[in-house]
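Visitor: no sequence on this one, just coordinates:
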């Protein structure tokens, strides 16, 4: 691990480090905020997954989350959104390739060589964090847009691994919208049965844990009716009795202005789910 | 005025507009946050002046100020840091020309044609804001680095015009440090007597108003010992009995992580200075 940025903020340390990921077979950057804490204390960790085009920078510079993480004594880990580098397959479009990993394990060439963000977020990264930071084994997960999809899918597929899950404007049914169809078609191939492994709506019924889901969705979000469609998840949750709280926040758009408005509430909810 | 961005954040409206500035003789962008408020109420206005290389974007995306402005019911205006455009004189260095207006009225060619940021901030911009937003005539001013210098100088030169002034890591004595010597030499010429009109330390003694100054300075700021030197202002304040509160915040650097940590306190102090 190489520390490449370190800033004191709200009494805690905002770090950005890089490391070689065995899972992704490339060098990766990741941001970690560690609040001020007593010696020998280990803190619970919130994993934040960012959306299309983002890096590890967007959340740490724009969300204002550090204040709330400091207040609640939780670590926040914000990884990059895909494998990176000249040797990593890419696409000129913003919604495929680098910056658009979609938190899946790709099975199709040329993507399958590096695009294994699911395994990276679920396994490799938490091991690294728990070995190198004062992190306990208590975890939760949240994200925005593509990262909201990632948070929901990862929580649903790993019962017992996360204490809380929430999302801002998530892609709740990637198999049914253009962003997901394009990415899943490329990364997972044309067999739509395979897509169900990474589709929150498709995974909901089979969930044994029934970890409650909180979703905030801006009512003025330009992608609401085309790519996000939270009503698809809401209908499925209603049908199978899954605990989902979907809040449509009137007038808010898809930006970090929206995230910064409600991030404090999400962090408070996650913190309340951790055992002290 | 042309609205070019509008986002709901913390219940208020974050707007970015552009307008033709008669003072600067070019098109300018400016950001304004207006919190939720009752009809027919006019709110006090905090002017935020940004530092070198910044535009109207840095403060509104990174400081987290909107939450506190909403809490205290104050408008925040964040202008760009210099005149802009292909027809405006510039320099390849980051610390001269576009992005580096230093809040002075330039007297030297080629800068004097457009570089009149002092007049823009003191006169034209407040008139525009008070005519087009629900702004009262109560104003305060704060800023960062080059913008901290601007805030101090503008408050000191305009007794009665601002209810409060504060700064983050300001250039307190531009005539005595490299950033200021370069910029003042270019914009104001080689006669250092002229520089005193825009040097907070030089202006302190003559101030009749004695508006209290709050300064936060990161103890881990890379520019502390070369460009900022707050002790120069502290010594002069002590000498002439000027009310200055200088807080060295141990470990904080020059970034928006530092600003975001203490902006809530600055906004609360300014809000307390406004008459309700």
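Guide: Alright, I've got the coordinates. Owing to the predicted nature of the structure, the values given are computational and were not obtained by experimental measurement. Numbers count the residues shown, from 1 in each chain, chains lettered A, B, ... in the order given.
Visitor: which residue, other than its chain neighbours, is closest to residue A:94?
Guide: Nearest non-adjacent residue to residue A:94, counting by C-beta to C-beta, 6 or more residues apart in numbering or on different chains: residue A:53, 5.2 Å away. C-beta coordinates here come from the backbone N, C-alpha and C atoms, glycine included.
Visitor: and that neighbour, how far is that from residue B:67?
Guide: 25 Å (C-beta to C-beta, to the nearest Å).
Visitor: look at those two and report which has more neighbours.
Guide: The neighbour count for residue A:53 versus residue B:67, taken as other C-beta atoms under 10 Å in any protein chain shown, is higher for residue B:67 (22 against 14).
Visitor: please list the residues of the stretch 101-250 of chain A that sit near chain B.
Guide: By the rule C-beta under 8 Å from any C-beta of the partner chain, the part of the stretch 101-250 of chain A lying against chain B is A:218, A:220.
Visitor: quick check: the residue of the stretch 51-200 of chain A nearest chain B.
Guide: residue A:64 (3.8 Å; C-beta to the nearest C-beta).
Visitor: thinking that residue is in contact with residue A:261, fair?
Guide: No - using C-beta atoms under 8 Å, residue A:64 makes no contact with residue A:261, being 9.2 Å away.
Visitor: which parts of stretch A:269-276 are buried?
Guide: Residues of stretch A:269-276 classed as buried: A:269-271, A:273-274 (neighbour count, 16 or more other C-beta atoms under 10 Å in any protein chain shown).
Visitor: what segments of the stretch 51-200 of chain A are helices?
Guide: With helices called from DSSP state H, counting those that start in this stretch, the stretch 51-200 of chain A shows them at A:57-62, A:65-72, A:117-119, A:125-132, A:146-157, A:178-188, A:192-195, A:200-204.
Visitor: re earlier: neighbours of the residue of the stretch 51-200 of chain A closest to chain B, just the number please.
Guide: For residue A:64, the neighbour count with other C-beta under 10 Å is 25.
Visitor: coming back round to it: take the buried residues of stretch A:269-276 and keep only those in helices.
Guide: Among these, the members found in helices (DSSP state H) are A:269-271, A:273.
Visitor: could you list the low-confidence segments of the stretch 151-276 of chain A?
Guide: Judged against pLDDT under 70, the stretch 151-276 of chain A has no low-scoring part.
Visitor: name the element the residue of it found nearest chain B belongs to?
Guide: Nearest to chain B, among the residues of the stretch 151-276 of chain A, is residue A:257, at 3.8 Å (C-beta to the nearest C-beta). Using DSSP states H and E, residue A:257 sits within helix A:256-273.
Visitor: tell me the spacing between residue A:255 and residue B:59.
Guide: Separation of residue A:255 from residue B:59 (C-beta to C-beta) stands at 16 Å.
Visitor: the more surrounded of these two?
Guide: For residue A:255 versus residue B:59, neighbours defined as other C-beta under 10 Å are more numerous around residue B:59 (27 against 20).
Visitor: does the more buried one touch residue B:30 like I think?
Guide: No - judged on C-beta under 8 Å, residue B:59 makes no contact with residue B:30 at a distance of 11.2 Å.
Visitor: the buried residues of stretch A:269-276 into a markdown table, with extra columns for distance to residue A:75?
Guide: Formatted as a markdown table, those follow (distance: C-beta to C-beta, whole Å):
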| residue | distance to residue A:75 |
| --- | --- |
| A:269 | 16 |
| A:270 | 11 |
| A:271 | 11 |
| A:273 | 15 |
| A:274 | 11 |
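Visitor: quick check: the two most widely separated of these?
Guide: With C-beta to C-beta as the measure, no two of those lie farther apart than A:269 and A:274, at 10.5 Å.
Visitor: list residues touching both of those two?
Guide: Shared contacts of residue A:269 and residue A:274 (C-beta atoms under 8 Å, 6 or more residues apart in numbering or on different chains): residue A:164.
Visitor: which parts of chain A are strands?
Guide: A:2-9, A:12-21, A:26-34, A:43-49, A:75-79, A:135-144, A:165-168, A:213-218, A:244-249 (DSSP state E).
Visitor: how much space separates the residue nearest the centre of chain A from residue A:168?
Guide: The geometric centre of chain A, computed from its C-alpha atoms, lies nearest to residue A:49 (C-alpha atoms, centre = their mean), at 2.3 Å. Plainly put, residue A:49 is 10 Å away from residue A:168 if you go by C-beta to C-beta.
Visitor: anything in contact with each of those two?
Guide: A:142-144, A:148.
Visitor: tell me how far stretch A:226-234 is from the chain's mean position?
Guide: 17 Å (C-alpha atoms, centre = their mean, to the nearest Å).
Visitor: got the buried residues for stretch A:194-209?
Guide: Result for stretch A:194-209 [16+ other C-beta under 10 Å]: buried residues A:194-195, A:198-204, A:207.
Visitor: stretch A:43-51 too?
Guide: Result for stretch A:43-51 [16+ other C-beta under 10 Å]: buried residues A:43-51.
Visitor: so residue A:124 sits right up against residue A:25, yeah?
Guide: No - here residue A:124 does not reach residue A:25: they are 11.3 Å apart, not a contact under C-beta under 8 Å.
Visitor: could you say which of the strands of chain A is packed most deeply?
Guide: With neighbours defined as mean count of other C-beta atoms under 10 Å in any protein chain shown, the strands of chain A peak in mean count at strand A:165-168, which reaches a mean of 29.
Visitor: sheet-wise, list the partners of that one with their directions.
Guide: strand A:135-144 (parallel), strand A:213-218 (parallel) (DSSP bridges).
Visitor: show me how far it is from its chain's centre.
Guide: Centroid separation for strand A:165-168 versus its chain: 8 Å, with C-alpha atoms, centre = their mean.
Visitor: who touches that strand?
Guide: A:140-145, A:147-149, A:151-152, A:155, A:211-217, A:258-259, A:262, A:266, A:269-270.
Visitor: now do 7 Å
Guide: Identification of contacts with strand A:165-168 by C-beta atoms under 7 Å, 6 or more residues apart in numbering or on different chains yields A:140-144, A:148, A:151-152, A:155, A:211, A:213-216, A:258-259, A:266, A:269.
Visitor: next one: stretch A:7-16
Guide: For stretch A:7-16, contacts defined as C-beta under 7 Å, 6+ apart pick out A:3-6, A:29, A:31-36, A:56, A:60, A:66-67, A:70, B:220, B:251-253, B:255, B:257, B:260-261.
Visitor: straight-line length of it, end to end?
Guide: End-to-end distance of stretch A:7-16 (C-alpha to C-alpha, to the nearest Å): 9 Å.
Visitor: state the mean pLDDT of it.
Guide: Regarding stretch A:7-16, the rounded mean pLDDT is 98.
Visitor: repeat that for stretch A:105-117.
Guide: For stretch A:105-117, the per-residue pLDDT averages 98.
Visitor: now do the end-to-end distance for it.
Guide: This stretch, stretch A:105-117, spans 6 Å end to end (C-alpha to C-alpha).
Visitor: tell me the buried residues in it?
Guide: Here stretch A:105-117 shows A:105-106, A:111, A:114-117 as buried, counting by 16+ other C-beta under 10 Å.
Visitor: rewinding a little: could you report the pLDDT at the residue nearest to the residue of the stretch 51-200 of chain A closest to chain B when sequence neighbours are not counted?
Guide: When the adjacent residues along the chain are set aside, residue A:64 lies closest to residue B:64, with 3.8 Å between them (C-beta to C-beta, 6+ apart). Turning to residue B:64, the model gives it a pLDDT of 98.
Visitor: and residue A:126, by the same measure?
Guide: pLDDT, residue A:126: 98.
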